[in-house]
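Visitor: Coordinates for the following, if possible.
(one chain, ligands or ions: 1)
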Amino acid sequence: MAKAFSSWVADQQSRFEDVLRNLLPSADVAPQRLHAAMRYSVLDGGKRVRPLLAFAAGELAGADVARVNYAAAAVELIHAYSLVHDDMPCMDDDVLRRGKPTCHVEYDEATALLVGDALQSLAFQFLSEQSLSDDPSKQLQMVKLLAVASGSRGMAGGQAIDLASVGKQLTLPELEQMHIHKTGALIRAAILLGAHCGNGLNDAQIDKLDRFGKLIGLAFQVVDDVLDCEADTATLGKTAGKDADNDKPTYVSLLGLQDAKAMAQRLHSEALESLGEFGESARRLRELADFIVLRKF
Ligand code: GRG
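Guide: Residues are numbered from 1 along each chain as shown. Coordinates of the predicted model:
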């Protein structure tokens with residue numbers, strides 16, 4: 001019988017923590033302070049939602065876990081870099097992340113900038129120095145996939161739209177475009193990279209998985225907006241209520257709390273529909289979709 005979801009998550013999180021601990025440069029190696037700050041920003045925190053999605057998609061595609069480890073680590077490093085930079089005074093200017101002082105508070109701004117830069121480079125090192133696919137051209141595609149998802153046509157572009165939209169009234173399609181890029185692109189990439197580490201899926205199935213990623217990535221953001229409004233700082237491990245304080249357009253400010261929650265439910269159902277054909281092998285992806293929508297932190 002398959003493990004309960006909560007034990008599967010706990011096992012994956014602790015196994016993956018060891019993977020990251022081993023892959024990140026040691027704080028004893030020069031430049032020690034930068035390496036210590038990189039480890040501070042990546043280790044011992046975070047839900048690891050993107051790696052969990054990569055592992056679940058890898059399972060579905062029959063991938064070797066040793067390969068998915070590198071793909072998942074690459075995505076998590078890009079995510080950690082984005083959080084470090086997002087928290088800096090020139091962006092969101094926050095002091096708390098994952099229940100700890102933010103990187104620039106614990107270290108300094110210049111170090112935080114370099115931490116983001118170095119994590120981003122290391123992510124691409126992981127994707128390129130190991131064999132992640134039997135087909136080298138597919139591996140090249142994977143590198144491109146993460147580059148596009150994190151660059152100006154993906155996460156960084158979404159962040160640019162976000163910064164430009166402070167104090168403005170966005171329409172629902174505009175808000176959706178922002179989040180499809182800022183949050184959704186990396187979540188989608190995590191799922192696809194996990195799947196590409198295996199050979200078990202055809203193109204049509206990869207498209208279904210991509211649709212699942214798009215919908216669940218958006219649902220993740222809608223829920224994030226709801227939590228920013230409903231949960232407290234201690235539960236979130238980051239400052240609650242920042243969106244309203246910063247006069248940022250969110251699903252809650254645009255739709256109201258009840259309709260934002262209904263939208264998350266709708267996206268969740270549509271995401272599950274796109275996994276229809278996969279049966280039991282997509283069990284973990286379905287459970288992760290449930291977690292993303294029902295989470296309280
Ligand atoms: C600086 C290029 C650049 C991009 C920043 C992702 C992002 C773009 C900013 C983070 C700000 C934010 C609160 C976004 C909303 C959704 C989100 C990505 C939340 C954080 O992700 P979680 O909940 O965090 O997966 P943990 O800590 O669990 O990993």
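Visitor: all contacts plus neighbour counts: C-alpha atoms, from now on.
Guide: OK.
Visitor: all helices of the stretch 51-200 of the chain, in order?
Guide: For the stretch 51-200 of the chain, the helices defined by DSSP state H, counting those that start in this stretch cover 65-86, 103-106, 109-129, 136-150, 155-164, 172-179, 185-196.
Visitor: residues contacting the nearest residue to A110 once chain neighbours are set aside?
Guide: With sequence-adjacent residues excluded and distances taken as CA to CA, 6 or more residues apart in numbering, A110 is closest to H104, at 7.7 Å. With CA atoms under 8 Å, 6 or more residues apart in numbering as the criterion, the residues that contact H104 are 84, 87-88, 110-112.
Visitor: List buried residues within those residues.
Guide: 84, 87-88, 111-112 (16 or more other CA atoms under 10 Å).
Visitor: Return the residues in contact with S152.
Guide: Contacts for S152 were tallied using CA under 8 Å, 6+ apart; they are G158.
Visitor: what helix or strand is the residue nearest in space to the middle of the chain on?
Guide: The residue lying closest to the centre of the chain (CA atoms, centre = their mean) is R50, at 4.4 Å. Using DSSP states H and E, R50 sits within helix 49-60.
Visitor: Report the mean confidence score over that helix.
Guide: Average pLDDT, helix 49-60: 98.
Visitor: can you check stretch 234-250 too?
Guide: 78.
Visitor: neighbouring contacts of it?
Guide: Under CA under 8 Å, 6+ apart, the answer for stretch 234-250 is 94-100, 165-170, 175, 222, 225, 227-229, 231-233, 296-297.
Visitor: Tell me which of these fall in strands.
Guide: 96-97, 100 (DSSP state E).
Visitor: Identify, from those residues, the entry nearest to the ligand.
Guide: R97 (7.0 Å; CA to the nearest ligand atom).
Visitor: Next, the contact list for the closest one, please.
Guide: Applying CA under 8 Å, 6+ apart, the residues near R97 are 237-239.
Visitor: Spell out which residues of the protein are next to the ligand.
Guide: 46-49, 82-83, 85-86, 98, 155-156, 159, 182-183, 221, 224 (CA under 6 Å from any ligand atom).
Visitor: Show the buried residues in the residues you listed.
Guide: 48-49, 82-83, 85-86, 98, 155-156, 159, 182-183, 221, 224.
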